[in-house]
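Asks: give me a model of this one.
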Amino acid sequence: MNKRLLLAFAIAVSGFSVTDAQVEVHKGLKWDAGTGLLLNKGGKPMRASRGISADSTQGRFIITVTDAEAAVDSIAILGGEARRINDSIVTTRIPYDKIEAVAALQSVKYIEAVRKASLALDNARKLTRADSVRAGIELETPYTGEGVIVAVIDQGFQYDHRAFRDDEGNSRILAVWNRYVGEEEPTTDIPSGHDGTTGTYGHGTHVTGIAAGSVVRGNNYSGMAPDADIVMVTTTLLSSDEFLEDAQWIKEFAEKEGKPWVLNMSFLSNIGPHDGTTIYDQAMNGLCGAGALMVGAMGNEGYHKVHVTHTFEAVGDSVYLLFSNNPYLGSNYFDFWGTAADGEQHHDVEFVVYNAVTKTFHKITDDILQKCGSSFGEINARNQKEHYNVKAELATLATQLEEEQSNLYLGARITSKDASAGFHAWLEMDEGMFVTVDGYGLEGDSEYLVGQESAGIPRAIGVGSYNNRKIFTNFLGDQYGFNGEEGDISVFSSPGPSLGSDLKPTVMAPGRCVISAFSRYSTPMHPDGLVKDDEDVVAAVDDDGNALDYASASVETSHFYGQMYGTSMATPVVSGILALWLQANPKLTPEDVLEIISKTAIRDEHTGGVQGDWTPTTGYGKIDAYAGLKMALEKLAASNHDLTMPTTQPVTLKKGADNWRILFNVAEEDVKVSLYSLANGEVSRTTLDEVSPGDETVIDLNAYTPGVYIIKIVTPNATVTRKVVVSH
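Replies: Got it, this is the predicted structure:
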């Protein structure tokens, strides 16, 4: 125990009662701590932040009910709005002064305040760049995502980008829902231009291009599933209630179209229990199933100390947490969860402020906190864990204390009520880190950072990032590089584990400096509109997909490609690959995908371990599109399902320096695989009978002398030939 800290605290705050500073813990309520924060403001909304979504008139909530239709009608009578998700869940917008009235409704079981996420794009712009995510991928596949829907919830879509058109110039976007401009319902009439969001860096355009960008003649920056159907949803507030409504509609739309779907979620929050127990997590879980997959970003907090954990050894022991004073957002949002799920209080929590100049602590009484923010304690009804929230705007707090804001560190004193009490705590991204000042405060870490609202959904595939390239050349011919080792896990990639039973992250994918479609309306370096000499811009094409040089490219009419990085970029790599797998096997479930990844992901010198291992830093390893496709086909062959998605070739090829692997996509009665030398004619032939989907044959190139060869694969319905150069 830090005796110096205890003494300083006792001197600084002596003379006030425990009830002045200690957060009261509520039990048996019909609402969570996020709702309690709003109620503690006396009906006055807090400023919307990364962790809580609010506006000037109403709060946004997800509610469990006994009768959804009755709840929707009753909430409308009270002046709110509600949307049915299923028989037991509704999303709502409720006037602040009606929250308790809604809670009192007989049909309402529990109210959960929505959380506000942020886009999982790393904002440290001086970190480096790399080449296209497709570069170096040795998979030549007929699976292009055709017949599969890739849905993206995001902001910053350029609808008419060439990356979202087919060879004839027709849009590949099936439907859009632009909630940002107030559209109440989705539309299949695809607009031109963009979604109207500002300062979003064209995030949605880049993400969608990685997952499903079209093949164009002018470059090789197409997406993982270039023939997939695309659905774009522009979210308004990046709030969990909208995500749930969006996902429900995507599921209904895909089922109406009769197509499997994968949802990309390149957004997240740090606030939440990190155990998959929220209403949101469980509702999103219920939307997943056969041919219905979700992929979520782990986050970019891998080098930020936004988490802390501690286990006490004796009753009455205390520790202190201090939060950094963030001058950018000027607020702290602290989220504390006990580890015991027994419905009991195991800690006392008091909020304090440390002045780094006077070396003293100030107490935060309820009246001060009410003027600068709010706090709330509960036994959470969903997981029976002890839970505390505090949200404070530091400028207002400094005014109340008559101190300079730059001198102050908001914090908490945690005291054990039981010998083995323990907790986890998080700060919302961009709203501070756990710091040690003058020897005070537990040291923070970068662990247990599974992205809430996305990767934290138990059945979602959680994606981290690794470095795919060292150098890229931009549109002006300038080269940029980074110091990180190629293939290594990206320094920003958030690690797990989850506090639930699911293992997160699931898998790693290329995410550092990926080249994809750039919106002409907003880029990372120029959020108000693209500039040709932006160092991140790499290439441009015209409406027909022909490459343009710098002089001939026009900001007004051309279509641009450029680099971004973050787990936002790694996530759609996986989403697009899952679309390929769904084309091969449209009935894959999240559990199927998890099994495939666990058995096929690559573990190398950068991930450590052997295949099948899982770690909280690297998951099961790096995704392997080819090996996963092979297993998806094997699962199809072992099932009673027919191959319903279109394919254009009988085989998939993986080309390596030492061998070529030939994967059979469909059942074949008779197959001949021959290798021809340009100098000597046929040098080998293999005949295969009764081939099943997922069967594989390998041509070992080490057995042949250097030269040019032709591989010829003949089936009853097709002939495939490819040139191969043996150089060893």
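Asks: tell me where the model's unsure across this protein.
Replies: In the predicted model of the chain, residues 1-21, 41-56, 120-141, 326-329, 483, 640-648 satisfy pLDDT under 70.
Asks: spatially central residue in it, please.
Replies: For the chain, the residue nearest the mean C-alpha position is residue 297 (2.1 Å; C-alpha atoms, centre = their mean).
Asks: so what's that one up against?
Replies: Applying C-beta atoms under 8 Å, 6 or more residues apart in numbering, we find residue 297 in contact with 120, 265-268, 451, 454-455, 462-463, 566-568, 570-571. Glycine gets a C-beta too; all of them are placed from N, C-alpha and C.
Asks: off-centre distance for stretch 76-90?
Replies: Offset of stretch 76-90 from its chain centre (C-alpha atoms, centre = their mean, to the nearest Å): 27 Å.
Asks: what's the first-to-last distance across that stretch?
Replies: Using C-alpha to C-alpha, to the nearest Å, one end of stretch 76-90 lies 12 Å from the other.
Asks: name the residues of it that are buried.
Replies: Neighbour-count burial for stretch 76-90, counted by 16 or more other C-beta atoms under 10 Å, picks out 78, 80, 82, 83, 84, 85, 88, 89, 90.
Asks: pipe those into JSON lines and attach secondary structure and distance to residue 334 per row.
Replies: Conversion of the buried residues of stretch 76-90 to JSON lines gives the following (DSSP: H, G, I helix; E, B strand; the rest coil; distance: C-beta to C-beta, whole Å):
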{"residue": "78", "secondary structure": "coil", "distance to residue 334": "31"}
{"residue": "80", "secondary structure": "coil", "distance to residue 334": "29"}
{"residue": "82", "secondary structure": "strand", "distance to residue 334": "30"}
{"residue": "83", "secondary structure": "strand", "distance to residue 334": "31"}
{"residue": "84", "secondary structure": "strand", "distance to residue 334": "34"}
{"residue": "85", "secondary structure": "strand", "distance to residue 334": "30"}
{"residue": "88", "secondary structure": "coil", "distance to residue 334": "31"}
{"residue": "89", "secondary structure": "strand", "distance to residue 334": "28"}
{"residue": "90", "secondary structure": "strand", "distance to residue 334": "29"}
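Asks: and residue 512, its phi and psi?
Replies: Residue 512 adopts backbone torsions of phi -100, psi 110, taken as degrees, to the nearest 10.
Asks: tally of neighbours for it?
Replies: Neighbourhood size, residue 512 [other C-beta atoms under 10 Å]: 32.
Asks: which parts of the stretch 301-450 of the chain are strands?
Replies: Taking DSSP state E, counting those that start in this stretch as the criterion, the stretch 301-450 of the chain carries its strands at 307-311, 318-323, 331-338, 347-355, 360-363, 373-379, 386-393, 408-416, 422-427, 434-435.
Asks: list the strands paired with the shortest one, with their directions.
Replies: The sheet places strand 434-435 alongside strand 318-323 (antiparallel), with pairing taken from DSSP bridges.
Asks: between the partner strand and strand 307-311, how big is the angle?
Replies: Here the directions of strand 318-323 and strand 307-311 differ by 180 degrees (axes from the mean of the first three to the mean of the last three C-alpha atoms, to 10 degrees).
Asks: show residues contacting strand 318-323.
Replies: Residues contacting strand 318-323 (C-beta under 8 Å, 6+ apart): 1-2, 5-6, 9, 308, 310, 312, 332, 334, 352, 354, 409-416, 425, 427, 432-437, 440-442.
Asks: same check on stretch 25-33?
Replies: By C-beta under 8 Å, 6+ apart, stretch 25-33 touches 36, 39, 99, 103, 108-113, 343, 345, 376-382, 386-389.
Asks: what's the span of it, first residue to last?
Replies: Across stretch 25-33, the terminal residues are separated by 10 Å (C-alpha to C-alpha).
Asks: tell me the buried residues in that stretch?
Replies: Neighbour-count burial for stretch 25-33 flags 25, 29, 30, 31, 32, 33 (criterion: 16+ other C-beta under 10 Å).
Asks: just the ones in strands from the residues you listed, please.
Replies: residue 25 (DSSP state E).
Asks: ok, the buried residues of stretch 25-33 vs residue 673, which is closest?
Replies: For those, the residue nearest residue 673 by C-beta to C-beta is residue 32; the value is 60.7 Å.
Asks: ok, now how distant is that closest one from residue 279?
Replies: Computed as C-beta to C-beta, to the nearest Å, the residue 32 to residue 279 distance reads 9 Å.
Asks: common neighbours of those two, please.
Replies: Common contact partners of residue 32 and residue 279 (C-beta under 8 Å, 6+ apart): 110, 112, 382.
Asks: most neighbours among these, which one is it?
Replies: residue 112 (23 neighbours).
Asks: beta partners for it?
Replies: Beta-bridge partners of residue 112, as defined by DSSP bridges: residue 62.
Asks: residues in contact with residue 346?
Replies: Under the criterion of C-beta under 8 Å, 6+ apart, the neighbours of residue 346 are 338, 340, 386, 416, 417, 418, 421.
Asks: ok, 6 Å please
Replies: Residue 346 makes contact with 338, 340, 386, 417, 418, 421, according to C-beta atoms under 6 Å, 6 or more residues apart in numbering.
Asks: quick revisit: from the contacts of residue 297, which land in strands?
Replies: Secondary structure assignment by DSSP E places 265, 267, 268, 462, 463 of these in strands.
Asks: now a ChimeraX select for only the buried ones of the contacts of strand 318-323.
Replies: Of the contacts of strand 318-323, the buried ones go into a single ChimeraX selection, burial set by 16+ other C-beta under 10 Å:
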select :5,9,308,310,312,332,334,352,354,409,410,411,412,413,414,415,416,425,427,432,433,434,435,437,440,441,442
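Asks: quick check: the gap between residue 69 and residue 88.
Replies: In this view, residue 69 and residue 88 are 11 Å apart by C-beta to C-beta.
Asks: grab the nearest non-local neighbour of residue 322.
Replies: residue 441 (3.6 Å; C-beta to C-beta, 6 or more residues apart in numbering).
Asks: quick one, phi/psi of residue 258?
Replies: Per-residue torsions, residue 258: phi 70, psi 40 (degrees, to the nearest 10).
Asks: then residue 701?
Replies: Per-residue torsions, residue 701: phi -80, psi -20 (degrees, to the nearest 10).
Asks: in contact with it, which residues?
Replies: Residue 701 neighbours (C-beta under 6 Å, 6+ apart): 658, 659, 726.
Asks: which residues of the stretch 201-350 of the chain fall in helices?
Replies: Listed in chain order, the helices found in the stretch 201-350 of the chain under DSSP state H, counting those that start in this stretch are 203-212, 240-257, 279-287.
Asks: what about residue 630, neighbour count?
Replies: By other C-beta under 10 Å, 25 other residues sit near residue 630.
Asks: confirm that it sits in a helix.
Replies: Yes: counting by DSSP: H, G, I helix; E, B strand; the rest coil, residue 630 falls inside a helix.
Asks: what's near enough to touch it?
Replies: Contacts of residue 630 by C-beta under 6 Å, 6+ apart are 663, 694.
Asks: ok, residue 454 next?
Replies: Each residue near residue 454 by C-beta under 6 Å, 6+ apart is listed here: 265, 267, 268, 296, 297.
Asks: measure the last one to residue 376 for me?
Replies: In this view, residue 297 and residue 376 are 28 Å apart by C-beta to C-beta.
Asks: same check on the second one?
Replies: The span separating residue 267 from residue 376 equals 25 Å under the rule C-beta to C-beta.
Asks: between these two, which is the more surrounded one?
Replies: With neighbours defined as other C-beta under 10 Å, residue 267 and residue 376 compare such that residue 267 has more, 29 against 24.
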